[in-house]
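J.: Got a predicted structure here, sequence first:
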Amino acid sequence: MATAIPSIACIGVIGRNNNPLHTSIFPSYDPSTNSYRPVRTPLQFSLILSSTLDVFELRSRQNAAAGVGLTGDFGLLHAVDDRLAAYGFETNTGTRFVVIVDMRGRRIDGTVAAGLADGRDSKRIAGAAAGLREGEMRPVFKAMQTAYIRLMQNPFFEPDEHSPPAGHGGKKITSRKFAGDMRRIGENWMPGVTNL
């Protein structure tokens, strides 16, 4: 018996002028072929990431009208379909982190789940099969923000090249260390993980 639990399908970093800075796509479990492959094409993920900008903007306007300045964890931005959901975080500099979660993206065999040494782990995996709880994405966003801060501290990184004035394009982040950090975060996260 196999259980499918949530996994990260895509990580996106979007600059303060709504320009894409980085995208990582991760394979998800496909039960029809019993293999792992991305659930969407890079173009489709790019469109999903772009659609989250409207939600960020709308929530920012609503919070400004209410007199509340909100940066940080925006939580669930929107459910894309019955399988994918987009979660967001905004830094105080306006950079946005978006994580698209595949609710059935990782396969866990029943024998693996039952054989875990810690009984709490098997309960966590069983709960993960039902969906995500509030705050499950906080460790992901914390790890992404830490990686982004490390990137900004690199004396050879020029942030102005990556966030030009609106309408003037911009460079994507090409740092291998940053890309490796995003890959590590996406591959190692599962519901219940508290530190990445």
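T.: Thanks, I have the structure now.

J.: Let me see the contact set for the nearest residue to residue 83 once chain neighbours are set aside.
T.: When the adjacent residues along the chain are set aside, residue 83 lies closest to residue 103, with 5.6 Å between them (CB to CB, 6 or more residues apart in numbering). (Each C-beta comes from the backbone N, C-alpha and C, glycine too.) Residue 103 makes contact with 6, 82, 83, 84, 85, 131, 132, according to CB atoms under 8 Å, 6 or more residues apart in numbering.

J.: The fourth one and residue 30: what is the separation?
T.: Taking CB to CB, to the nearest Å as the measure, residue 84 and residue 30 are separated by 14 Å.

J.: got it, and the fifth one?
T.: As for residue 85, its distance to residue 30 is 18 Å (criterion: CB to CB).

J.: between the two, which one's more packed in?
T.: Set side by side, residue 85 and residue 30 give different neighbour counts by other CB atoms under 10 Å, the larger being at residue 85 (21 against 15).

J.: Am I right that the more buried one is in a strand?
T.: Yes - read with DSSP: H, G, I helix; E, B strand; the rest coil, residue 85 is one of the residues of a strand.

J.: Show me what the mean pLDDT comes to for stretch 181-191.
T.: Per-residue pLDDT over stretch 181-191 has a mean of 94.

J.: could I get it in PDB with only the CA atoms?
T.: What follows is stretch 181-191, C-alpha atoms only, in PDB (Å, rounded to 0.1, in the frame of the first residue of the first chain):
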ATOM      1  CA  ASP A 181      19.800  25.900  -1.600                       C
ATOM      2  CA  MET A 182      16.500  26.100  -3.400                       C
ATOM      3  CA  ARG A 183      16.900  22.500  -4.700                       C
ATOM      4  CA  ARG A 184      17.800  21.300  -1.200                       C
ATOM      5  CA  ILE A 185      14.800  23.000   0.300                       C
ATOM      6  CA  GLY A 186      12.400  21.600  -2.300                       C
ATOM      7  CA  GLU A 187      13.700  18.100  -2.100                       C
ATOM      8  CA  ASN A 188      13.900  17.800   1.700                       C
ATOM      9  CA  TRP A 189      10.600  19.400   2.700                       C
ATOM     10  CA  MET A 190       7.600  17.300   3.700                       C
ATOM     11  CA  PRO A 191       4.800  18.100   6.100                       C
END
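
J.: pLDDT below threshold where in the protein?
T.: Low-confidence segments of the chain, defined by pLDDT under 70: 1-2, 67-71, 109-131, 160-170.

J.: Just the buried ones from the contacts of residue 103, in PyMOL syntax?
T.: Typed into PyMOL, the line below selects the buried ones among the contacts of residue 103, using 16 or more other CB atoms under 10 Å:
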select buried, resi 6+83+84+85+132
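
J.: want to try a markdown table for the contacts of residue 103, with distance to residue 193 as columns?
T.: Formatted as a markdown table, the contacts of residue 103 follow (distance: CB to CB, whole Å):
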| residue | distance to residue 193 |
| --- | --- |
| 6 | 11 |
| 82 | 24 |
| 83 | 21 |
| 84 | 20 |
| 85 | 17 |
| 131 | 16 |
| 132 | 12 |
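
J.: which among the contacts of residue 103 gets closest to residue 25?
T.: Nearest to residue 25 among the contacts of residue 103 is residue 84, at 12.2 Å by CB to CB.
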